[in-house]
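> Just the structure for this:
(chains A, B, C and D)
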Number of protein chains: 2
Amino acid sequence: MPTDITCRNCPLRTAPPFAGQEGRTLAFVEAFRKDQRRYDAGQTIILEGASESPLMTVFSGWAFRYRTLSDGRRQILNFLLPGDFVGLQQELDAAATHGVDALTGLVACVFDRRRLWTLYEDFPRLAYDLTWLCAHEELIVDENLVSVGQRRASERIAMLLIHLYKRGSALGLCESGVLNLPLGQQHIADALGLSLVHTNKTLRRLRLAGLIELDGGRLRIGELGQLQRLADYYGLPERPRPLI
Amino acid sequence: MPTDITCRNCPLRTAPPFAGQEGRTLAFVEAFRKDQRRYDAGQTIILEGASESPLMTVFSGWAFRYRTLSDGRRQILNFLLPGDFVGLQQELDAAATHGVDALTGLVACVFDRRRLWTLYEDFPRLAYDLTWLCAHEELIVDENLVSVGQRRASERIAMLLIHLYKRGSALGLCESGVLNLPLGQQHIADALGLSLVHTNKTLRRLRLAGLIELDGGRLRIGELGQLQRLADYYGLPERPRPLI
DNA sequence: CGTACTATTGAATCGGGTCAACGTCTGTGG
DNA sequence: CCACAGACGTTGACCCGATTCAATAGTACG
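Below is the predicted model of the structure:
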C-alpha cells in the first residue's frame, strides 16, 4: 500500500461516498481531505465527550464507536471499517456523545470541516452520498439493537460474526475463507450486552458445534447457512449505487 | 388545528429540517410536499419489508419504528413524534427493513420522492438539514442501544420515560407537568428488550417509589433528579441550529 | 353480556451475571 | 536465563434478574 495516498488512487473509490467521481468533484474531494492521520491499536481517536472532533473516514484498519456509563459499563455501538465515516453524528451535533477507539493500526483521512458547507452547496451528489452513508450506519445500529434487545446470546454472537464477516469480505479482507478479526472477547461482549464470561462460554459452544472457527483473531465461518438460521439472519441491503 | 395545512402556516416551522425558511425555499417545500395522509391509531404506516415506501414526516401524532424476527419477537427501534421523518433510511435504501405503526391518530406530510434530487441540487440548506436529521435519529437509536445493552430494567424504563417526556415537552405536548403517553406496556417492553410481565412489575416499583406517575396513558415525572440519577442520564444534545 | 384487549400479580424456572481460580502467552528487567 | 507482571482466554460454582406460565381483574365495545 503506497505511503502517499491521494484520492485519485484511493482504493476505496469503488465505494460510497466517493464512488465514480471524477474531474471537478475529485479535485474538490482532494482539497476537502486536508490531512491523513495514523493511530496505533488501542488508541483513542475521538474522546468521549470531547467538545469538538475532526471529521474523517477510515482509510485502513478497524475501530469501534462506544458510549460509557458513569460506573464503567460500556456499550459498543458499531464497528468501523475502511470507508466508514468516523462520527458523522458528532460532526453535525455539538459535542461527541460517544468515543471512538482504534482496534488495529489505523489510517484515517481528515476532512476540512470548513469546506463541508461548500460540499453541500456545490456537490449535491456528495451531499446525497453523505446522507446515504449516515442512513446506512443507522441501519447497522438498528440491526445491533434488534440483536441486543431480542436475541439470545448464541444468536447475538452468530449475528455479529456473520455481519462482520460479510463486511470484511466485501472489502476484500478475507483470505481463503478466513477473516482477521481484531476483536477481543471483551469487545464482543460489550457490543452485544453480554458478560465476558458468558461470551466465552457461548463462543465455545459455537465452536464445538462446528459453526465457527475463531482462534487468535482468525475467523472462519464453518456453516454459514446453519449460522444464519440460528441468528434469524436477514442481511442488510448491500450498498446500492445511490441516486442517479 | 386547521384542516388544510400549508407549509406556510405549519406549526413545525420552528423545528428542523424546515426551520426559518422563506421565499423560494418555502415555495419549493410546498411543492415538494405533495400530499397529506391520515392514519388511525394502530394502523401500519410502512409495512415491514415493503419494497418501496413513501417519504414523509409526522405532522401530528405518535408512531414507532420496529423490526420483527421470524418467530414474532419485536424490537421497537425508536418512537416518532411530530417533525420526525418517517424512515429516512428506507427511502435512501432499497427496501424497508423495518415497519412503522401509528400509536395515535396521525397526520403525515408526504413528499414527492422524484423531487428529492432537486432538493439536493438547488437547496443545499435543506439537504444539510436532512443529513442532520438523519444523524440525530441515529443518536436516539444509539441511546436506546446503550440502555438495552447495559442498563437494568428500572434504569431502562427511567431512561425511556425521561427521554419521551423531554421530547414531548419540547413539542409543547405537556400540560401542567403531564404528558399524554400513548404507549401500552407492551410497547415499553418491546422498546427496552424486556418481557411484558417484568415491565409491569418494574413500573409498579417506580410508581411506589414516587418517581413517576403513569396511569391511563398520563405520565407525570415525580422526581426528575432522582430518576435521572437512577438512569445515569445525560441528555441528547438539544436540536441546535444547524450550519450557517 | 360475551369477546377481546390491557393491566396486574404470584410462582416456578432459567439464561446469563458474578465471583473466583487457573492457564497461556508475551514482554520486561534483574 | 529465569522471575515476574500484565493481558487475555478458559472453566467451575453459585446466585439473581428477568422470563415464562398461569390466573385474575378491569374496561371498552358491539
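> Let me see the domain layout of chain A.
A:7-123, A:151-231 (automatic domain parsing).
> now those domains as CSV including distance to B:L126?
C-betas here are computed from N, CA, C, even on glycine. Shown next, in CSV, are the domains of chain A (distance: least, Cβ to Cβ, whole Å):
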stretch, distance to B:L126
domain A:7-123, 10
domain A:151-231, 32
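> Next, count neighbours for the nearest residue to A:V29 once chain neighbours are set aside.
Distances taken as Cβ to Cβ, 6 or more residues apart in numbering or on different chains put A:C7 closest to A:V29, at 4.9 Å, once the chain neighbours are dropped. Counted with other Cβ atoms under 10 Å in any protein chain shown, residues neighbouring A:C7 total 19.
> What of A:A50?
14.
> Give me the pLDDT for it.
Listed pLDDT for A:A50 reads 83.
> The residue nearest to A:V29 and DNA strand C, how far apart?
36 Å (Cβ to the nearest atom of the strand, to the nearest Å).
> same question, A:L214
A:L214 is 16 Å from DNA strand C, by Cβ to the nearest atom of the strand.
> Next: A:Y165.
For A:Y165 relative to DNA strand C (Cβ to the nearest atom of the strand), the value is 22 Å.
> next one: A:I221
Taking Cβ to the nearest atom of the strand, one finds A:I221 at 21 Å from DNA strand C.
> Over to A:E138?
25 Å.
> And A:A209, by the same measure?
A:A209 is 14 Å from DNA strand C, by Cβ to the nearest atom of the strand.
> ok, now which ones touch the spatially most central residue of chain A?
Residue closest to the mean C-alpha point of chain A, counted by Cα atoms, centre = their mean, is A:L80 at 2.0 Å. Contact partners of A:L80, counting by Cβ atoms under 8 Å, 6 or more residues apart in numbering or on different chains, are A:58, A:62-65, A:86, A:100.
> Dihedrals phi and psi, it?
Per-residue torsions, A:L80: phi -110, psi 130 (degrees, to the nearest 10).
> Repeat that for A:D112.
phi -90, psi 110.
> Which residue comes closest to it once chain neighbours are left out?
A:K34 (4.3 Å).
> what does A:H163 give?
Here the residue nearest A:H163, using Cβ to Cβ, 6+ apart, is A:E143, at 7.0 Å.
> Are we agreed that that neighbour is in a helix?
Yes - counting by DSSP: H, G, I helix; E, B strand; the rest coil, A:E143 is located in a helix.
> I figured it was touching A:I162, is that so?
No - using Cβ atoms under 8 Å as the test, A:E143 is too far from A:I162 to be in contact (10.6 Å).
> Confidence-wise, which helix or strand of chain A is lowest on average?
Least confident helix or strand, chain A: helix A:88-92 with a mean of 65, by mean pLDDT, DSSP states H and E.
> can you tell if the next helix or strand after that one touches DNA strand D?
Per DSSP states H and E, the first helix or strand lying C-terminal to helix A:88-92 is strand A:99-102. No - if you take Cβ under 7 Å from any atom of the strand as the test, strand A:99-102 misses DNA strand D, and the best it gets is 11.5 Å.
> name the helices or strands packed onto strand A:99-102?
strand A:44-46, strand A:63-68 (3 or more Cβ pairs under 8 Å, 6 or more residues apart in numbering or on different chains; DSSP states H and E).
> So which other helices or strands are in contact with the longest one?
Contacting strand A:63-68 under the criterion 3+ Cβ pairs under 8 Å, 6+ apart are the following elements: strand A:74-80, strand A:99-102, helix A:185-192.
> returning to that earlier point: lowest-confidence entry in the contacts of A:L80?
The member of the contacts of A:L80 with the lowest pLDDT is A:V86, at 87.
> Return the backbone torsion pair for the nearest residue to A:L88 once chain neighbours are set aside.
Nearest non-adjacent residue to A:L88, counting by Cβ to Cβ, 6+ apart: A:C134, 5.0 Å away. The phi/psi pair for A:C134 (degrees, to the nearest 10) reads phi -60, psi -40.
> Quick check: pLDDT value at A:C134.
Reported pLDDT for A:C134: 88.
> Can you get me a residue count around it?
With other Cβ under 10 Å as criterion, A:C134 counts 27.
> Return the residues in contact with it.
A:85, A:88-89, B:131, B:134-135, B:138.
> Out of those residues, the closest to DNA strand D would be?
B:E138 (24.8 Å; Cβ to the nearest atom of the strand).
> Compute the distance between that closest one and B:Y66, please.
16 Å (Cβ to Cβ, to the nearest Å).
> hmm, stretch A:145-160 touching DNA strand D?
No - applying Cβ under 7 Å from any atom of the strand, one finds stretch A:145-160 separated from DNA strand D by no less than 8.8 Å.
> higher neighbour count, B:E138 and B:Y66?
B:E138 (26 against 20).
> What is the subsequent helix or strand relative to the helix or strand hosting the more buried one?
Secondary-structure element containing B:E138, defined by DSSP H and E: helix B:124-150. Tracing the chain C-terminally past helix B:124-150 and defining elements by DSSP H and E, one meets helix B:153-170 next.
> and the angle from that following helix to helix B:124-150?
160 degrees (axes from the mean of the first three to the mean of the last three Cα atoms, to 10 degrees).
> Please list the outside residues in contact with helix B:153-170.
B:79, B:81, B:140, B:143-144, B:147-148, B:151, B:174, B:179-181, B:188, B:191-194, B:198-199, B:202-203, B:205-206, B:211-212, B:214, B:219, B:221, B:224, B:227-228, B:230-233, B:235-236, B:238.
> Would you list the buried entries among these?
Neighbour counting by 16 or more other Cβ atoms under 10 Å in any protein chain shown classes B:79, B:81, B:140, B:143-144, B:147-148, B:151, B:174, B:179, B:181, B:188, B:191-194, B:199, B:202-203, B:206, B:211-212, B:214, B:219, B:221, B:227-228, B:230-233 among these as buried.
> re the thing from before, output the helices and strands packed on strand A:63-68 in a markdown table; the columns should cover distance to DNA strand C.
Below are the helices and strands packed on strand A:63-68 laid out as a markdown table (distance: least, Cβ to the nearest atom of the strand, whole Å):
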| stretch | distance to DNA strand C |
| --- | --- |
| strand A:74-80 | 12 |
| strand A:99-102 | 18 |
| helix A:185-192 | 7 |
